[in-house]
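1. fold the following and give me the result.
(chains A and B)
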Amino acid sequence: MSVRDLRGAKRHWVLFGCLIWLTFALFPLYWVAITSLKSPVDVVGGPTYLPFVDFQPTLKAWTELFSGIRGEFFSNFWSSTIVALSASVIATIIGSMAAYALVRFTFRVRLMSGITFFVVAMGGFLFGREVLGIGPATASIIAFCIALALSIFINRFKLPGPVLGNDDIVFWFVSQRLFPPIVVAFALFLLYTEMGKLGFRMTDTYFGLTLAYVAFSLPIVIWLMRDFIASLPLDVEEAAMVDNVPTWRIFFGIVLPMSKPGLIATFVITLAFVWNEFLFALFLTNSKWQTLPILVAGQNSQRGDEWWAISAAALVAIVPMVIIAGLLGRMMRSGLLMGAVK
Amino acid sequence: MTREDPVKHFFLWPAVLVVLAIAIFPLIFSLANSFMSLRLVPPRPSKFVGFENYIDLLGNERFWQVVKTTSLISFTSVAFQFVIGFAIALALVKKVRGADFFRVSFLLPMLVAPVAVALVAKQILNPSMGPLNQVTTFFGFPNLPFLTDSTWALGSLIAVEIWQWTPFVILLLLAGLQGLPDDVYEAAELENASPWRQFWGITFPMMLPISVAVIFIRIVESFKIIDTVFVMTGGGPGIATETLSLFAYQEGFKKFNLGYTSALSFLFLIVVLIISLVYLAILKPYLERYK
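-> Sure thing, here's the model as predicted:
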């Protein structure tokens, strides 16, 4: 027992406070669980709290949900699952690779070449559209490629202005989280629609939605994995380097297996983020690839006060993440997450 | 240690490319749009209008109202989240009985989809059939307008935000508290410092950097709030609970007024940047004093 532990009567007061918060935190979850088991009469008749005592539980809401009369439930569930899983896997892998590169290698980017990208991309887009009169999608693709090529090219020369290092690149990634997603979601919707006119369907497709989620999970993946990879011991890698093992094999064969706890934590956090995400799904999908949060939000307007049905739908969105929270808690207790959540 | 190997570019570039194409480029695209007059319905040819959209917005009373609402929700809920979260993290690190169980169950709200949270909140806050109404009726206040009166609706949204995001504060502060060295407390104990003085003299100053970070993340994140409001009140009654994101959504997706929406998004970004800079500037002297 350390000196910081509680002693005496205070223990009971603190426990009491924790119990109050526990009630506040868990009551809504309990409420949605029992409401999904109520019959319509029990819902409108005023609040009831205990199954079998206050009301007779029924599975009506659940059978209705699974039989599909509450909207395309299975289709939404599958698209949510597939998109969330693949986006988190891709983001975790790409992000770890970038994090590894940022920890072990030096990068130098001139501020001028970043500014060049910005100016050329925006100017090229406006120029192509206003002066040359090409369509917005074509103009943006051309502007993007030219801007990228030009900025990589001029990065080779000695330009005036500061040189940015690895920390600045990490900051650049993380600063994406500062931007309100609506800024990007709306523009992305427009760009995807324009791409559709060119023949590449992006709205309401697996590819379009997953790509957007990967991009928006990357900052957090890179931030978490950078700390984690930096804390790994170097000597194994150095031994491998002496034997001339190529870097990609060092990464996939040594670094990734060693950082399994960090990878799992990052993957779970990303998964929860993508699973619950609402705004991008709202903008970028309309029928086939709609995700669960959209279905759940839709219940509200479609079904009025049919709380039993709404609760069942909400529970489907909640339960997978609750299971994951349980797993995460177990990992935390066994010390698997040490160093990952910093 | 850093070494050289051209393969490093293959490791970094996939991430950079995805972020550039999907996050940065749309940003540039909408910045370009914000200087144009552009409508989809009814279609109007795009025309360069300079700062007209921005000037329009800054003169729009609704915009200022929305900024006020968003700041109110964000600052109030983050203040509560921080105080409650700090208290609970302290209780957990001091090994209250059942700390392991609390640790897991306190995390739950954070992982629930905000849309689902909003729907559950709507049921609980229902003025006639909800359980909260039963409690307030017991105390003599039946049928309170939780979601239909502007003040109550704001309060309800703040309560939901506190419910959902206090776990995040607990998680990070707990990690910080566990990292504090024991010997400082042992020394304080020898000098018979009261727990109150130990907290203000040791714990709080040592936790200041992580607290600043946690509050910063929460403020930035809660400025983006849209899903909870979208489901619970739809911005109503009137526009009393409309937030910045919701306003942008209404303008863009309902009225398809693209130039205007893009300008609005950028003003939103500027508001967030100003708030972050002011926040960091205010706290800088304190952070340096305790270094």
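
2. every contact and neighbour count from this point should use C-alpha atoms.
-> Fine.

3. from the stretch 201-342 of chain A, which residue is nearest to chain B?
-> For the stretch 201-342 of chain A and chain B, the shortest gap (Cα to the nearest Cα) falls at A:Asn276, measuring 4.5 Å.

4. up against chain A, what does the stretch 151-291 of chain B have?
-> B:163, B:172, B:175-176, B:182, B:185-186, B:189, B:220-221, B:223-224, B:226-227, B:231, B:245, B:248-249, B:252, B:262, B:265-266, B:268-269, B:272 (Cα under 8 Å from any Cα of the partner chain).

5. related to what we said a few turns ago, neighbours around the residue of the stretch 201-342 of chain A closest to chain B, how many?
-> By other Cα atoms under 10 Å in any protein chain shown, the residues close to A:Asn276 number 24.

6. who are the contact partners of the closest residue to it other than its chain neighbours?
-> Once flanking residues are discounted, A:Asn276 sits nearest to B:Ala113: 4.5 Å by Cα to Cα, 6 or more residues apart in numbering or on different chains. Contacts here follow Cα atoms under 8 Å, 6 or more residues apart in numbering or on different chains; on that basis B:Ala113 touches A:275-277, A:293, A:317-318.

7. which of those residues fall in helices?
-> If you go by DSSP state H, these have A:275-276, A:293, A:317-318 in helices.

8. can you list the weak-confidence ranges in chain B?
-> Scanning chain B for pLDDT under 70 picks out B:1-4, B:40-45, B:290-291.

9. next: the stretch 151-300 of chain A.
-> In the stretch 151-300 of chain A, residues with pLDDT under 70: A:300.

10. circling back: only the buried subset of the contacts of B:Ala113, as a PyMOL command please.
-> The PyMOL command for the buried members of the contacts of B:Ala113 (criterion: 16 or more other Cα atoms under 10 Å in any protein chain shown) is given here:
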select buried, chain A and resi 275+276+277+293+317+318
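
11. only C-alpha atoms, please: export stretch A:281-294 in PDB.
-> Coordinates of the C-alpha atoms in stretch A:281-294 are reproduced here as PDB (Å, rounded to 0.1, in the frame of the first residue of the first chain):
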ATOM      1  CA  ALA A 281     -21.400   8.300 -43.800                       C
ATOM      2  CA  LEU A 282     -24.200  10.900 -44.000                       C
ATOM      3  CA  PHE A 283     -22.500  12.800 -46.800                       C
ATOM      4  CA  LEU A 284     -20.800  10.000 -48.800                       C
ATOM      5  CA  THR A 285     -23.400   7.200 -48.800                       C
ATOM      6  CA  ASN A 286     -27.100   7.000 -49.700                       C
ATOM      7  CA  SER A 287     -28.300   3.500 -49.900                       C
ATOM      8  CA  LYS A 288     -26.100   0.500 -50.500                       C
ATOM      9  CA  TRP A 289     -23.100   1.300 -48.200                       C
ATOM     10  CA  GLN A 290     -25.100   3.200 -45.600                       C
ATOM     11  CA  THR A 291     -23.700   2.400 -42.100                       C
ATOM     12  CA  LEU A 292     -25.400   1.700 -38.800                       C
ATOM     13  CA  PRO A 293     -25.300   5.200 -37.300                       C
ATOM     14  CA  ILE A 294     -27.300   6.400 -40.300                       C
END
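
12. need the residues that contact it.
-> The contact list for stretch A:281-294 (Cα under 8 Å, 6+ apart) reads A:75-77, A:79-80, A:185-186, A:189, A:203-206, A:208-209, A:276-278, A:317, B:113, B:115-116.

13. may I see the buried residues of it?
-> Of all the residues in stretch A:281-294, those buried under the rule 16+ other Cα under 10 Å are A:281-285, A:289-294.

14. possible to save those as CSV with secondary structure?
-> Below are the buried residues of stretch A:281-294 laid out as CSV (DSSP: H, G, I helix; E, B strand; the rest coil):
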residue, secondary structure
A:Ala281, helix
A:Leu282, helix
A:Phe283, helix
A:Leu284, helix
A:Thr285, coil
A:Trp289, coil
A:Gln290, coil
A:Thr291, coil
A:Leu292, helix
A:Pro293, helix
A:Ile294, helix
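
15. nearest the geometric middle of chain B, what residue?
-> B:Ser222 (1.5 Å; Cα atoms, centre = their mean).

16. so that residue is in contact with B:Ser74, correct?
-> Yes. Using Cα atoms under 8 Å, B:Ser222 is in contact with B:Ser74, at 5.5 Å.

17. close enough to count as contact, B:Val220 and B:Val272?
-> Yes. Counting by Cα under 8 Å, B:Val220 touches B:Val272, with 6.8 Å between them.

18. close to chain B, is whichever strand or helix holds A:Cys18?
-> Element membership for A:Cys18, per DSSP states H and E: helix A:10-35. Yes. Under the criterion of Cα under 8 Å from any Cα, helix A:10-35 makes contact with chain B via A:11, A:14-15, A:18, A:22, A:24-26, A:28-29, A:31-32.

19. what subset of those is buried?
-> Using 16+ other Cα under 10 Å as the burial test, those include A:11, A:14-15, A:18, A:25, A:28-29, A:31-32 as buried.

20. the nearest residue to A:Val236 once chain neighbours are set aside: what secondary structure?
-> Once flanking residues are discounted, A:Val236 sits nearest to A:Ile254: 7.9 Å by Cα to Cα, 6+ apart. Counting by three-state DSSP, the backbone at A:Ile254 sits in helix.

21. okay, domains of chain A per the record?
-> A:72-107+A:165-181+A:196-333, A:108-164 (automatic domain parsing).

22. hey, where'd the strands end up in the stretch 101-250 of chain A?
-> Remark: strands assigned in the stretch 101-250 of chain A by DSSP state E, counting those that start in this stretch are A:109-110, A:163-164.

23. highest average neighbour count across these?
-> Comparing the strands of the stretch 101-250 of chain A by mean neighbour count (mean count of other Cα atoms under 10 Å in any protein chain shown), strand A:109-110 ranks first with a mean of 20.

24. partners of that strand in the sheet?
-> Using DSSP bridges, the strands paired with strand A:109-110 are strand A:163-164 (antiparallel).

25. farthest-apart pair in the contacts of B:Ala113, please.
-> The span of these, defined through Cα to Cα, is set by A:Glu277 and A:Ile318 at 12.5 Å.

26. B:Lys95: neighbour count?
-> For B:Lys95, the tally of surrounding residues (other Cα under 10 Å) stands at 19.

27. tell me where the stretch 101-250 of chain B has helices.
-> Counting by DSSP state H, counting those that start in this stretch, the stretch 101-250 of chain B has helices at residues B:114-124, B:131-138, B:150-178, B:182-190, B:195-198, B:204-222, B:227-232, B:244-249.

28. and the gap between the nearest residue to A:Ser39 once chain neighbours are set aside and chain B?
-> Using Cα to Cα, 6+ apart and skipping the chain neighbours, the partner closest in space to A:Ser39 is A:Thr58 (6.2 Å). In this view, A:Thr58 and chain B are 19 Å apart by Cα to the nearest Cα, to the nearest Å.

29. tell me how many other residues crowd B:Leu144.
-> Neighbours of B:Leu144 (other Cα under 10 Å): 17.

30. hang on, it packs against B:Gly130?
-> No. B:Leu144 lies out of contact with B:Gly130 (Cα under 8 Å); the separation is 10.7 Å.

31. and A:Asp5, what pLDDT?
-> Looking at A:Asp5, its pLDDT is 68.

32. get me the contact residues on the stretch 101-250 of chain A for chain B.
-> Residues of the stretch 101-250 of chain A lying near chain B by Cα under 8 Å from any Cα: A:101-106, A:118, A:121-122, A:125-126, A:140, A:144, A:173, A:176, A:178-184, A:186-188, A:191, A:211-212, A:214-216, A:218, A:247-248.

33. go again using 6 Å as the cut-off
-> The stretch 101-250 of chain A comes close to chain B at residues A:101, A:104-105, A:122, A:180, A:183-184, A:187-188, A:215, as judged by Cα under 6 Å from any Cα of the partner chain.

34. okay if I get those as JSON lines plus neighbour count?
-> Listed next are those as JSON lines, based on neighbours: other Cα atoms under 10 Å in any protein chain shown:
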{"residue": "A:Ala101", "neighbour count": "24"}
{"residue": "A:Arg104", "neighbour count": "17"}
{"residue": "A:Phe105", "neighbour count": "18"}
{"residue": "A:Met122", "neighbour count": "24"}
{"residue": "A:Pro180", "neighbour count": "22"}
{"residue": "A:Val183", "neighbour count": "26"}
{"residue": "A:Val184", "neighbour count": "24"}
{"residue": "A:Ala187", "neighbour count": "25"}
{"residue": "A:Leu188", "neighbour count": "27"}
{"residue": "A:Ala215", "neighbour count": "24"}
